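Peer 1: The following comprises the amino acid sequence and a computationally predicted model.
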Amino acid sequence: MNLFGREVSGFAKVMVILVAVFLVASGLCGMQLILANTSMKGGSGDLFLPLGVVELIAMLLSAAGIVLVLIAWGISAAVGNVSNAPEGGVQKLMGSREQEKRDDEREL
Amino acid sequence: MIPIGSHPVWHPVLETLAYAVGFGVYRFLRARDGDIVDEPQRWTVLAGAAVGALVGSRVLGVAEQWPTVEQAWRSGRLLELLLSPGGKTIVGGLLGGWMGVELVKRLSGIRRRTGDLFALPLCVGIAVGRVGCLLAGLADDTYGKATSLPWAVNLGDGIGRQPVQVYEILFLVILAVLVSNIPVSNIPVANISDSSIPVASSVHGLQPGLVTGHDFSRAENAHKGFWASAPEGAHFRVFLGGYLLWRFAIDFMKPQPLVAGLNLIQWSCAAGIFFLIVGEMRMGKGKHEPVRA
């Protein structure tokens, strides 16, 4: 799909994946926190601590990734809007190649 | 009294399982029924839903436990609280996701109603997640008020409580059956040229392009009585309206702090229902016409 004349499906996919990673990592990280604060840690503490660190890192990286992708997506859309604007014409928001391809196939 | 106890360790496990199962059901439905938008557009909608749900669920979750947040801030344990598995709400996620989708649709010019594919996955996902809430017991803020009913659950404190999570799972089963029986009245023409997603005409052995999706689905659904004229987006609106009404009612059974007689979840449900009705009224005036139909 073209958003302001720019292909954006890559950004959207990355965003969905990052949000999923963040949600799962934050849930698991919270569980580690509970385990660390209860008697359950016991002998498993050696395993849980490194896992908790991995989840915390995943959570922080995915959170940073979400922000970065949002910024990149916005910049990409803005740049595309300026550089791809047709001469003297109105920018076509929904002028996707897929739509044109389908129209061509239907005509055939 | 049914002994269950509190096992918070299961909450994130079942929450993750809920996401996975919900996504699996979504993929199954999309493969079976086709889609009304292109794959890149669907990813854009998904991104809007994911970010909106993430923000909405956390914002309402934090607002709901504001005194705890304030206390954690004073004692320097705010990070610990924010990392805890609680503090996210389904209603906030639904409303935030809905707003996120509407925002990206407006930005990218998508004017079709894209929520139908999410209705059943949300029913299934929430039901799975609620099992985690039940097992988490007192560690989760979703337990019910004390009761002397024979099916009351003991979450570890010796008090019999309303099994509100079980009620909700049963309600979601009913809602899922209701939503499943709404005919697919949309036009999956967006994928007629896409061989990866079966569309109505190809699934049923007809040559793609010979029958329009609209004609086809009308013929397919003509026998489905009450729902025969269900418009695009009906699945999602029935789900969202039904769930918000349910939460408004069931939250009277939860010991939550009240603001002007209702808790924050109930106020959010009321706002969501209000905007749902306003949206329907605007649709009735033709302000949301599909451009690709």
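Peer 2: That came through, no problem.
Peer 1: Give the other helices and strands that the top helix by length along chain A contacts.
Peer 2: Here the longest helix in chain A is taken by residue count, with DSSP state H as the criterion, and it is helix A:45-83. Under the contact definition 3 or more Cβ pairs under 8 Å, 6 or more residues apart in numbering or on different chains; DSSP states H and E, helix A:45-83 sits against strand A:2-3, strand A:6-7, helix A:9-37, helix B:39-64. All C-beta spots, glycine's among them, are computed from the backbone N, C-alpha and C.
Peer 1: let's see 6 Å
Peer 2: Packed against helix A:45-83, as judged by 3 or more Cβ pairs under 6 Å, 6 or more residues apart in numbering or on different chains; DSSP states H and E, are the following elements: strand A:6-7, helix A:9-37.
Peer 1: What separation do you get for the closest residue to B:Met1 other than its chain neighbours and A:Leu70?
Peer 2: Leaving aside its chain neighbours, B:Met1 sits nearest to B:Gly160 (4.4 Å; criterion: Cβ to Cβ, 6 or more residues apart in numbering or on different chains). Between B:Gly160 and A:Leu70 the distance is 47 Å, computed by Cβ to Cβ, to the nearest Å.
Peer 1: Among those two, which residue is more densely surrounded?
Peer 2: The residue with more neighbours, out of B:Gly160 and A:Leu70 and counting by other Cβ atoms under 10 Å in any protein chain shown, is B:Gly160; that gives 19 against 15.
Peer 1: pLDDT wise, what is that one at?
Peer 2: At B:Gly160, the pLDDT value in this model is 95.
Peer 1: Which residues does it form beta bridges with?
Peer 2: Partner residues in beta bridges with B:Gly160, using DSSP bridges, are B:Asn154.
Peer 1: Model confidence for the residue nearest the centre of chain B, exactly?
Peer 2: If you average the C-alpha coordinates of chain B and look for the closest C-alpha using Cα atoms, centre = their mean, you land on B:Leu122, 4.2 Å from that point. What the model reports as pLDDT for B:Leu122 is 97.
Peer 1: same thing with A:Asn81?
Peer 2: Per-residue confidence (pLDDT) for A:Asn81: 61.
Peer 1: and what of B:Ile36?
Peer 2: 89.
Peer 1: roughly how far apart are it and B:Val238?
Peer 2: When Cβ to Cβ is the yardstick, B:Ile36 and B:Val238 sit 17 Å from each other.
Peer 1: So between the two, which is more surrounded?
Peer 2: For B:Ile36 versus B:Val238, the count of surrounding residues by other Cβ under 10 Å is larger for B:Ile36: 26 against 18.
Peer 1: Quick check: that one is in a strand.
Peer 2: No. Using DSSP: H, G, I helix; E, B strand; the rest coil, the assignment for B:Ile36 is coil, not a strand.
Peer 1: Which parts of chain B are helices?
Peer 2: In chain B, the helices defined using DSSP H lie at B:10-33, B:39-64, B:66-74, B:78-83, B:90-108, B:116-136, B:164-180, B:200-203, B:213-221, B:234-250, B:264-284.
Peer 1: between these, which gets the lowest average pLDDT?
Peer 2: Among these, helix B:200-203 scores lowest, at a mean of 38.
Peer 1: I'd like the helices of chain B written out as TSV, with distance to chain A added.
Peer 2: Written out in TSV, the entries for the helices of chain B read as follows (distance: least, Cβ to the nearest Cβ, whole Å):
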stretch	distance to chain A
helix B:10-33	3
helix B:39-64	3
helix B:66-74	13
helix B:78-83	5
helix B:90-108	5
helix B:116-136	9
helix B:164-180	17
helix B:200-203	13
helix B:213-221	13
helix B:234-250	18
helix B:264-284	20
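Peer 1: how about those, which one is nearest A:Ala12?
Peer 2: With distances scored as Cβ to Cβ, the stretch of those nearest to A:Ala12 is helix B:39-64 (3.9 Å).
Peer 1: and the angle for the closest one with helix B:10-33?
Peer 2: Using axes from the mean of the first three to the mean of the last three Cα atoms, to 10 degrees, the interaxial angle of helix B:39-64 with respect to helix B:10-33 works out to 150 degrees.
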